[in-house]
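>>> Using only what follows, build the 3D model:
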Amino acid sequence: MLTLINVLAQLFVFLVGLGILVIAIVYVLDRVQKKHAIRRNFPVIGRFRYWFEHLGEFFRQYFFALDREEMPFNRAERSWVYRAAKGENNIVAFGSTRDLRPVGTVIFVNCAFPTLKKDAVDTTEITFGPFADSPYTTQSVFHISGMSYGAISKPAVLALSNGARQSGIWMNTGEGGLAPQHLEGGADLVFQIGTAKYGVRDAEGNLSDERLAAVAAHEQVRMFEIKLSQGAKPGKGGILPAEKVTEEIANIRLIAPRKDSISPNRHREVNSESDLLDFIGRIRRITGKPTGFKAVVGNYDWLETLCSQIKTRGIESAPDFITVDSADGGTGAAPMSLIDYMGLPIKESLPGVVDLLNRHGLKDRIKVIASGKLITPAEVAWAICVGADFVVCARGFMFALGCIQALQCHKNTCPTGVTTHDPSLQRGLDPTDKAGRVREYAQGIRKEVGVIAHSCGVAEPRELQRAHCRVVQEDGATIPLDQLFPDELRVDETTANG
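As a prediction, the model looks like this:
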């Protein structure tokens, strides 16, 4: 017994001595180095600054931030998504914690005689691509926005596809090509063609008609979306770090493995509005399916020119849809200068695009899809009031999968398995369980958007108009959206089409 105690005592003394030696070495190294002022002035303890800074990303949201003050999504928004995804009751008590005073705050206008349940109807069907060989008809107003396999993990893609099928919504593949998990889940798919043409490219990175036709041969692929730009990086192509370019992802994208995958900042084939219409026509002709484009709006001049050329060429030349993305950040990794400063936010660009299409008499022909941080029923209802036909969301569905906003998306270290290809971290994301949460979240949005619509006195969400929504102004009073965005130059569809 005494021998064991002596051994333990000697081991303790050794470890203490070793620790003192390590601290002394670190102290000297910190004192002599010249790169970090904090470590030079406060050796050893200065190193904890970086550790605390890193931990702050994870713990700030739980211990220090108020419910409605975080960015990009606050705790109240995330909690709503978490409860909806679990199928839990989203009723709250003791009044709202939402501050109704800031300029720009949205408030819906309830009517004296809201719609009774017996008078409410399900969402109407809308058809894309009347001039395509295979038009696509769908009903739900809410769908899954583009998230590439590569940017998100295999179990995340499988869960999203299964959940989308279960809830009757479409899933956008993102620019990373068509993965087996997209098809395995059974969802309707929108295939996104990014500037690198992942999955449909030739050896030089140009669009391959043969590979495009092969993708279109899958019945689940319902539409094609040309990505001109996205919210996280308007003006810059996609970025996938080398550590996330596995052999499988490289094979799907038709690129080299274990190398940074950086897309061009625009399509080589598209140098003008005329080229864009030609490119849309080419894809629609090869695939036989509805084709549109996604863009962050910076100015409207090019859209004016595009609409004028459509009327000259004929209504059949128009894109079947435009996805308007918000410039206030997306799920992708990008330079902060672009995320913070480039492009217009959705609250300005969406009504601008809708009004422009109305002025040219093209709104019925070109469907408008709104994208960009619209993760709650109120935000979806606002977009419909403004004039969107559909709303797509990425980060709301990431929360439904279990995302905790750890801000590790551009690394391979996502703690919830959503955006990592580390098998040990992916293990935490069960596709079967999370598919159910995707379904519940989509259905929760659809249900509560309907609640807002019925409180406004209309039978279904697509009957919402700008007059149903008011916005707080600088003097504290509110004005309806139809005064803020009057769309006075609306023209008759038949007149515009000759």
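
>>> what sits against the nearest residue to Arg268 once chain neighbours are set aside?
Leaving out its chain neighbours, the residue that sits closest to Arg268 by CB to CB, 6 or more residues apart in numbering is Asn206, at 7.0 Å. Glycine gets a C-beta too; all of them are placed from N, C-alpha and C. With contact taken as CB atoms under 8 Å, 6 or more residues apart in numbering, Asn206 is in contact with Lys197, Arg268, Glu269.

>>> How far does stretch 270-287 sit from its chain's centre?
When C-alpha coordinates are averaged (CA atoms, centre = their mean, to the nearest Å), stretch 270-287 and its chain have centres 25 Å apart.

>>> Format the CA atom coordinates belonging to that stretch as CSV.
These are the backbone C-alpha positions of stretch 270-287, laid out as CSV (Å, rounded to 0.1, in the frame of the first residue of the first chain):
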residue,chain,number,x,y,z
VAL,A,270,-24.0,34.7,-70.6
ASN,A,271,-22.6,38.1,-71.5
SER,A,272,-25.9,39.9,-72.0
GLU,A,273,-29.7,39.8,-71.5
SER,A,274,-30.0,38.3,-75.0
ASP,A,275,-27.4,35.6,-74.1
LEU,A,276,-29.4,34.8,-70.9
LEU,A,277,-32.6,34.2,-72.9
ASP,A,278,-30.7,32.0,-75.4
PHE,A,279,-29.2,30.0,-72.5
ILE,A,280,-32.6,29.5,-70.9
GLY,A,281,-34.0,28.4,-74.2
ARG,A,282,-31.2,26.0,-74.8
ILE,A,283,-31.7,24.3,-71.4
ARG,A,284,-35.5,24.2,-71.7
ARG,A,285,-35.2,22.7,-75.3
ILE,A,286,-32.7,20.0,-74.2
THR,A,287,-34.5,19.0,-71.0
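
>>> Quick one: neighbours of Gly436, just the number.
20 (other CB atoms under 10 Å).

>>> quick one: it is in a helix?
Yes - Gly436 sits within a helix when classified using DSSP: H, G, I helix; E, B strand; the rest coil.

>>> Settle this for me: it is touching Gly163, isn't it.
Yes - with contact defined as CB atoms under 8 Å, Gly436 counts as touching Gly163 (7.1 Å).

>>> looking at this, Asp475 is in a strand?
No - according to three-state DSSP, Asp475 belongs to no strand; its state is coil.

>>> can you give me phi and psi for it?
Backbone torsions for Asp475, taken as degrees, to the nearest 10, come to phi -80, psi 0.

>>> how much space between it and Ser272?
The gap separating Asp475 from Ser272 is 44 Å, by CB to CB, to the nearest Å.

>>> Mind checking which of these two has more residues around it?
Ser272 (12 against 7).

>>> do you know how far the more buried one is from Leu100?
46 Å.

>>> who touches the nearest residue to Leu183 once chain neighbours are set aside in this structure?
If the residues on either side of it in the chain are set aside, Leu183 comes closest to Gln220, at 6.0 Å by CB to CB, 6+ apart. In this structure, Gln220 makes contact with His182, Leu183, Gly186, Ala187, Asp188, Leu189, judged by CB under 8 Å, 6+ apart.

>>> Just give me the closest of those residues to Ala216.
Ala216 has its nearest neighbour among those in Leu189, at 10.8 Å by CB to CB.

>>> tell me the SS of the closest one?
Judged by three-state DSSP, the three-state class of Leu189 is strand.

>>> got the contact list for it?
Ser161, Trp170, Met171, Asn172, Thr173, Leu178, His182, Leu183, His218, Gln220, Val221, Arg222.

>>> Okay, now the unreliable bits of the stretch 301-450 of the chain?
For the stretch 301-450 of the chain, applying pLDDT under 70 flags the ranges 328-336, 406-410.

>>> what ranges do the strands span in it?
321-325, 367-371, 390-393 (DSSP state E, counting those that start in this stretch).

>>> ditto for the stretch 51-200 of the chain
Using DSSP E, counting those that start in this stretch, strands in the stretch 51-200 of the chain cover 106-108, 126-128, 136-138, 142-144, 170-172, 188-193.

>>> what's the closest of these to Lys154?
Taking CB to CB, strand 170-172 is the member of the strands of the stretch 51-200 of the chain nearest to Lys154, at 14.5 Å.
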